[in-house]
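Colleague: with the input below, show me the fold.
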Amino acid sequence: MIKQARLSNGIRVIMEPMGNLRSVSIGVWVNAGSVYEEGADAGISHFIEHMVFKGTARRSAADIAAEMDAVGGNLNAFTAKECTCFYAKVLDENLPLAVDMLSDITLHPALDEQEMEKEKRVVVEEILMSEDSPEDKAFETAGSAYYTGTVLSSAILGTPETVSAFTREQVLAYMNRRYVTGNLVIACAGSFAPEDLLPLLESSFADCPGGPGDMIAEREPRAGRKWLFVRKDTEQVNACLMLPGYKLDSSENFALAVLSNALGGSMSSRLFQKIREELGLAYSVYTYPMAYRDTGAICLYFGSGVQQAPKTLELALAELDKLRAEGLSEAEFQRSRAQLKGSFLLGMEGSGAHMNAIGKRLLLQNKEFTIEDTLSAIECATIDKVNGILAHVLSPRRAVCAAVGRTRGVQGEMKAVLDHWMGR
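Modeller: This is a model prediction of the structure:
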């Protein structure tokens with residue numbers, strides 16, 4: 001059973017004891033991500049995620065690694081557009097260590113200036129690595145164009161220029177704004193007792209700076225009918241098409257998930273069967289939905305040889321048109337919904353998955369997450385609801401497509417295919 005509490009300083013805590021496990025996962029969730037960054041701060045949330053592991057007032061970087069390795073645990077973090085999460089997974093007997101280490105790195109990072117200079121170079125290399133990945137570049141370009149003019153258009157990693165210019169004072173100022181009690185959620189799932197956990201949290205997080213929570217409004221994108229081509233010396237053309245979705249708390253997201261599974265989310269999906277299995281035009285072709293607090297989208301990706309890319313795009317768009325005109329069949333719908341339920345349940349086997357689900361839900365939506373509620377919502381995604389969202393989701397008027405490749409000729413051919421489709 002999920003339980004909520006508040007520490008005396010106001011930090012929200014959400015807990016899910018799971019008595020059949022030996023592991024426990026705990027995470028500190030912060031309202032800090034690229035949507036909160038402006039101008040020179042671009043990429044600073046992600047940079048902070050790196051820097052906290054470089055040492056604290058009590059621990060060196062080597063100490064942090066050695067202490068967690070000594071108990072066979074895992075200490076890590078990630079940064080998204082809307083949040084940052086620092087988390088640990090350990091045996092239940094080592095929960096006090098995990099709590100102490102998480103509070104230490106999130107509240108007391110040393111931010112040594114020499115270490116900052118080294119880590120700037122590391123993050124710049126990470127940015128360059130992403131630039132060298134044509135798949136990542138296609139997604140980043142499409143996403144930036146789709147959300148142009150909104151806070152969601154910014155890259156999580158920032159740019160080499162902004163990262164290289166970060167100062168210690170700038171990082172501290174950002175942390176003083178974002179890393180406050182009202183912007184934190186602590187989530188814990190696995191083998192533990194709430195009555196043992198809460199005193200640990202009270203003592204370890206007592207000196208977290210106070211402050212109210214705040215969230216940035218994310219406007220619905222207005223972009224549409226955009227085509228972008230990035231020249232890269234690649235063997236394939238990597239393309240990403242973005243179409244409208246739904247915000248995080250919308251009930252339509254479950255219908256969209258069923259639709260995405262049927263369209264390109266599994267080996268039995270339309271796009272996989274047609275483009276890969278039947279015609280052999282691509283090794284990788286898939287779709288997936290993504291949802292933010294106030295908006296959402298669905299992405300279609302494929303990587304195809306230069307000569308095949310225009311045909312692959314044409315076939316993918318034809319499948320969208322066919323689906324929009326005819327809807328899912330009953331057999332497709334039943335298979336896709338069953339696959340969604342199965343993959344969801346398999347994905348929730350473990351304390352880490354539960355911690356992620358309850359922490360993110362409370363931070364971004366101020367709601368509890370339960371498996372039963374999710375399964376019920378999937379069951380409520382009827383075929384009529386799935387077919388009812390097709391006109392909104394598969395609208396050429398709202399589409400943005402980006403491709404990465406090396407040949408100018410293919411750019412014109414793909415643009416002609418898209419112009420014809422988007423002009424309908």
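Colleague: just the strands in the stretch 251-400 of the chain please.
Modeller: 282-291, 296-305, 400-405 (DSSP state E, counting those that start in this stretch).
Colleague: could you tell me the angle between the lowest-mean-pLDDT helix or strand in the chain and strand 400-405?
Modeller: Lowest by mean pLDDT, DSSP states H and E among the helices and strands of the chain is helix 408-422, with a mean of 90. Relative orientation of helix 408-422 versus strand 400-405 (axes from the mean of the first three to the mean of the last three Cα atoms, to 10 degrees): 160 degrees.
Colleague: return the distance of helix 408-422 from the chain's centre.
Modeller: Offset of helix 408-422 from its chain centre (Cα atoms, centre = their mean, to the nearest Å): 30 Å.
Colleague: follow-up on the earlier one: figure out which of the strands of the stretch 251-400 of the chain is closest to Val163.
Modeller: Val163 lies closest, by Cβ to Cβ, to one member of these: strand 400-405, at 22.4 Å. C-beta coordinates here come from the backbone N, C-alpha and C atoms, glycine included.
Colleague: picking up where we left off before, Leu320: which of the strands of the stretch 251-400 of the chain is closest?
Modeller: The nearest among the strands of the stretch 251-400 of the chain, by Cβ to Cβ, is strand 296-305 at 7.9 Å.
Colleague: just checking: what are the partner strands of that closest one?
Modeller: Partners of strand 296-305 in the sheet, by DSSP bridges, are strand 236-244 (antiparallel), strand 282-291 (antiparallel).
Colleague: quick one, phi psi at the most centrally placed residue in the chain?
Modeller: Most central in the chain under Cα atoms, centre = their mean is Ala80, positioned 5.5 Å from the mean C-alpha point. Main-chain dihedrals, Ala80, degrees, to the nearest 10: phi -120, psi -180.
Colleague: can you get me a residue count around the residue nearest to it when sequence neighbours are not counted?
Modeller: Distance criterion Cβ to Cβ, 6 or more residues apart in numbering; nearest residue to Ala80, sequence neighbours excluded, is Gly33 at 5.4 Å. Residues near Gly33, counting by other Cβ atoms under 10 Å, number 23.
Colleague: now do the same contact list for Gly33.
Modeller: Ser45, Thr79, Ala80, Lys81, Glu82, Cys83, Thr84, Ile156 (Cβ atoms under 8 Å, 6 or more residues apart in numbering).
Colleague: which members of these occur in strands, if any?
Modeller: Residues of the contacts of Gly33 located in strands (DSSP state E): Thr79, Thr84.
Colleague: among the contacts of Gly33, who's most crowded?
Modeller: Counting by other Cβ under 10 Å, top hit in the contacts of Gly33: Ser45 with 28 neighbours.
Colleague: find me the pLDDT at it, would you?
Modeller: For Ser45, the pLDDT comes out at 98.
Colleague: wait, doesn't it sit right on Tyr36?
Modeller: Yes - assessed by Cβ atoms under 8 Å, Ser45 is found in contact with Tyr36 at 6.9 Å.
Colleague: helices or strands next to the helix ranked longest in the chain in the packing?
Modeller: Secondary structure of the chain per DSSP state H: the longest helix is helix 113-132. Applying 3 or more Cβ pairs under 8 Å, 6 or more residues apart in numbering; DSSP states H and E, we find helix 113-132 packed against helix 44-51, helix 134-146, helix 160-164, helix 168-178.
Colleague: with distance to Tyr286 as extra columns, can I get those in CSV?
Modeller: Below are the helices and strands packed on helix 113-132 laid out as CSV (distance: least, Cβ to Cβ, whole Å):
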stretch, distance to Tyr286
helix 44-51, 25
helix 134-146, 11
helix 160-164, 30
helix 168-178, 34
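Colleague: between those helices, which one is nearest to Gly359?
Modeller: Set against Gly359 and scored by Cβ to Cβ, the helices and strands packed on helix 113-132 come closest in helix 44-51, at 15.5 Å.
Colleague: mind checking the SS state of Gly72?
Modeller: coil (DSSP: H, G, I helix; E, B strand; the rest coil).
Colleague: that older thread, what comes into contact with the least confident helix or strand of the chain?
Modeller: Residues contacting helix 408-422 (Cβ under 8 Å, 6+ apart): 225, 227, 229, 231, 237, 239, 306-307, 309-310, 313-314, 317, 321, 396-397, 399, 401, 403, 405.
Colleague: for the residue lying closest to Asp92 once chain neighbours are set aside, list the residues it contacts.
Modeller: What sits nearest to Asp92 in space, not counting adjacent residues and going by Cβ to Cβ, 6+ apart, is Ser191, at 3.8 Å. Applying Cβ under 8 Å, 6+ apart to Ser191 gives the contacts Pro17, Met18, Gly19, Leu21, Arg22, Ser23, Val24, Asp92, Ser351.
Colleague: again, but for Gln307
Modeller: Going by Cβ under 8 Å, 6+ apart, the list of residues near Gln307 reads Val410.
Colleague: would you mind measuring from it to Leu340?
Modeller: 35 Å (Cβ to Cβ, to the nearest Å).
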